[in-house]
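> With the sequence up front, the predicted model follows.
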Amino acid sequence: MRDFIRLQLKLKWGFNRNNSKASAIMTAVAAFLAVVLALALVWALSFVLKASIAVTARQLSVLYLAVMLGGLTIASTGMQLKRLYRPADLLITARFPLSPFKLFSAQLILNYIDLCIYTAILFVPVMLVFGVAMGCLSWTFLLGMVLSAVLLPTLPFALSIFIAIPAVYLSSLLEKHGILRLIVFVVVLVGAFLLYYYLLTVLAQFFIHRNWEVGTLDIWRNLLAALDREYDPAVYFAGILFFERFWYNFAVIVGGAFALITGGVLLARVVCAGLYRKALDGGNGLRGHGSELDGYASGRAIFRYGFKEILRTKTYSYFYLGVAISTPVMVFFCDRLVSMVGVAQIGEGINFGASMLVVSVFMAMICSFTGTIISVEGKNFYITKLVPVPYRKQLLVKGLLNIGVSAAALAISAVVMGWLQFLTLAEIGVLVGIEFVLSVGLVFNGINLNLANPNLKPKANGEAEEINITYMLLIGLAVAALIGAGCIIFSKLPDGRMTAYLAAAAVAFVYAAINFLVFWFTSDCKYRKIEA
């Protein structure tokens, strides 16, 4: 069992020579930027609340501890579902020289170790920044922070064992209803974005205007007061952090976690045994279906296949279609936030530039998945070489599908901006035209990138997670920043609005033309060289 645990940890956290060094570097950079952004938000919120509300460091720490406990519980529940109830390698691990109980125990231990690593990455930096912002950083605080970090994973781990059991059955019910699952994801995504937007708005009001909206301070006071109660587990961890009723809090945390883990493990073992028997007996086998593409023209058949591939692949359906569907809502709130900050710092008349920046960023996010148009085929790539359809036509049809998705999101976003009178009809027309051309450039840039780096290695559950998405996202964000910043700058010049229109259109057109021409004249040759 120890060797199995060591192997699994090495596969997840160790360096794999088969992986691209560029992929590892880009993943590390993305993780670093995410941590820096989170820490900046923690420092700003702590500074603002300390300056505006008579709150102690212990009271405010309860807020961050509650958020981290919630996040770790969600992460631990996901790991329980993936490892215990829906293991992708069950047919392999079932043949290991390990008893079912040892295999079950090893998976639980792996979940707990992963949770400890996530806690160290998340909790320690956040608490250090919090201590600096609140002016409570001391040797006593550092010791309490270490003890809290050791204890913090226990409760999320214990709770997740119970939460994962109904979650796995709910997931089974949603498994055959991809549209409903996508709707749930979009609602959660928009809700999380609105919460993030609210926090940024609060900070912007303080740092720019030095005032708050009516009732904002009362909301934060009530929130902190509601969290600082005995029923909130974060209160006990705050007691450990600041050495208040230390042994009582320690006993409650350890005793409660031990009781929950004991009961949860006994229940989870029974549930896992039943699910494993069903899976190994073929209960989850796929039903045979006839082809649904017979009788369709080749282009339409590929188009339908590409769309179904999006719905079948969770990464695509969640983060591609999910982002595309929620883009109009997020564009609206981002426009409000960017224009509020811009008007305060730059002045009136930047709505067009701010809208160009925001919409371009979301177009970059949507189109970044075109970097996997070829890679998503995986081991089935050879089929695309056997079908009697020219390679360039296959790629062109798949590209048109991605352009259609981004165009739909763009059209709805334009309707939202027009309905709210955020821009004039003329400005909306110019914006839609430029953004459509930009999306064409992003799509063909992604195809060209995937042709250069097809990456057809097998992926877990057929997912499309790879470095090309990150590359395309960075390229798209750079182009979006260039166009958005240019429009904002030109809009402040005398008679600069027309210049902003022409400059943005020129950048989008040149970018799209170059990528399309590269695709048109090199795609066939590059496709022939790719081997499955």
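Received it, and whenever you're ready, just let me know what you need.
> what mean pLDDT does the helix or strand L224 falls within have?
Taking DSSP states H and E as the definition, one finds L224 inside helix 216-227. Mean pLDDT, helix 216-227: 75.
> residues making contact with it?
Applying Cβ atoms under 8 Å, 6 or more residues apart in numbering, the contact partners of helix 216-227 are 49, 52-53, 55, 59-60, 62-63, 66, 202, 205, 234-235. Bear in mind the C-beta positions are built from the backbone N, C-alpha and C, glycine included.
> 6 Å instead, please
Contacts to helix 216-227, defined as Cβ atoms under 6 Å, 6 or more residues apart in numbering, come from residues 59, 62-63, 66.
> Could you tell me which of those belong to strands?
With strands defined by DSSP state E, no entry of these lies inside them.
> Which of the residues you listed ranks first by neighbour count?
Counting neighbours by other Cβ atoms under 10 Å, V62 leads the contacts of helix 216-227 with 24 neighbours.
> Pull the contacting residues for that one.
Counting by Cβ under 6 Å, 6+ apart, V62 touches 227-228, 234-235, 238.
> what comes up buried for the helix or strand encompassing V42?
Assigned by DSSP H and E, V42 falls within helix 21-52. The neighbour-count check on helix 21-52 (16 or more other Cβ atoms under 10 Å) flags 23, 26, 39, 41-50, 52 as buried.
> could you dump those to TSV with pLDDT and distance to L442?
Below are the buried residues of helix 21-52 laid out as TSV (pLDDT from 0 to 100; distance: Cβ to Cβ, whole Å):
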residue	pLDDT	distance to L442
S23	58	21
M26	64	18
L39	85	30
L41	82	28
V42	86	33
W43	87	34
A44	83	32
L45	81	34
S46	85	38
F47	82	38
V48	79	37
L49	80	40
K50	82	43
S52	75	42
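> Point out the other helices and strands that the helix holding V42 packs with.
In terms of contacts (3 or more Cβ pairs under 6 Å, 6 or more residues apart in numbering; DSSP states H and E), helix 21-52 is packed against helix 100-134, helix 467-491.
> quick one, which of these is packed in tightest?
Comparing those by mean neighbour count (mean count of other Cβ atoms under 10 Å), helix 467-491 comes out on top with a mean of 20.
> Between helix 21-52 and that helix, find me the angle.
Angle, helix 467-491 to helix 21-52, by axes from the mean of the first three to the mean of the last three Cα atoms, to 10 degrees: 50 degrees.
> Outside of helix 467-491 itself, list whatever touches it.
For helix 467-491, the external contacting residues (Cβ under 6 Å, 6+ apart) are 23, 26, 349-350, 353, 356-357, 360-361, 364, 368, 371-372, 442, 446, 449-450, 453, 496-497, 499-500, 503-504, 507.
> Of those residues, which belong to helices?
Assigned to helices by DSSP state H, the following of the contacts of helix 467-491 qualify: 23, 26, 353, 356-357, 360-361, 364, 442, 446, 449-450, 496-497, 499-500, 503-504, 507.
> And for I240, the neighbour number?
Other residues within reach of I240, judged by other Cβ under 10 Å, total 24.
> How about the one 4 residues further on?
Counted with other Cβ under 10 Å, the neighbours of E244 add up to 14.
> and it, what does it touch?
Not one residue lies near E244 by Cβ under 6 Å, 6+ apart.
> On the three-state scheme, it is what?
State at E244, reduced to three classes by DSSP: H, G, I helix; E, B strand; the rest coil: coil.
> just F422 next, same as before
coil.
> Now for it, how many residues are close by?
Neighbours around F422, by other Cβ under 10 Å: 19.
> likewise R497?
18.
> Now it. Nearest residue, chain neighbours left out?
S491 (5.9 Å; Cβ to Cβ, 6 or more residues apart in numbering).
> any idea how far the one you found is from Y501?
10 Å (Cβ to Cβ, to the nearest Å).
> From one end of stretch 46-63 to the other, what's the distance?
For stretch 46-63, the first-to-last residue distance is 10 Å (Cα to Cα, to the nearest Å).
> Please read the previous query as pertaining to stretch 485-503.
The first and last residues of stretch 485-503 sit 11 Å apart, counting by Cα to Cα.
> Now do that stretch: distance to the chain's middle.
Mean-position distance between stretch 485-503 and its chain equals 33 Å (Cα atoms, centre = their mean, to the nearest Å).
> pLDDT averaged over that stretch - what is it?
Averaged across stretch 485-503, pLDDT comes to 79.
> got it, and stretch 359-373?
Averaged over stretch 359-373, pLDDT sits at 85.
> Extract the C-alpha trace of it and format it as CSV.
The C-alpha trace of stretch 359-373 is given here as CSV (Å, rounded to 0.1, in the frame of the first residue of the first chain):
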residue,chain,number,x,y,z
VAL,A,359,-15.3,42.0,-24.7
SER,A,360,-11.9,41.2,-26.2
VAL,A,361,-10.8,39.5,-23.0
PHE,A,362,-13.9,37.2,-23.0
MET,A,363,-13.4,36.5,-26.7
ALA,A,364,-9.9,35.4,-25.9
MET,A,365,-11.2,33.1,-23.2
ILE,A,366,-13.8,31.5,-25.4
CYS,A,367,-11.5,31.1,-28.4
SER,A,368,-8.5,29.7,-26.4
PHE,A,369,-10.0,26.2,-26.7
THR,A,370,-9.4,26.2,-30.4
GLY,A,371,-5.9,25.3,-29.4
THR,A,372,-7.2,21.7,-28.9
ILE,A,373,-9.2,21.2,-32.1
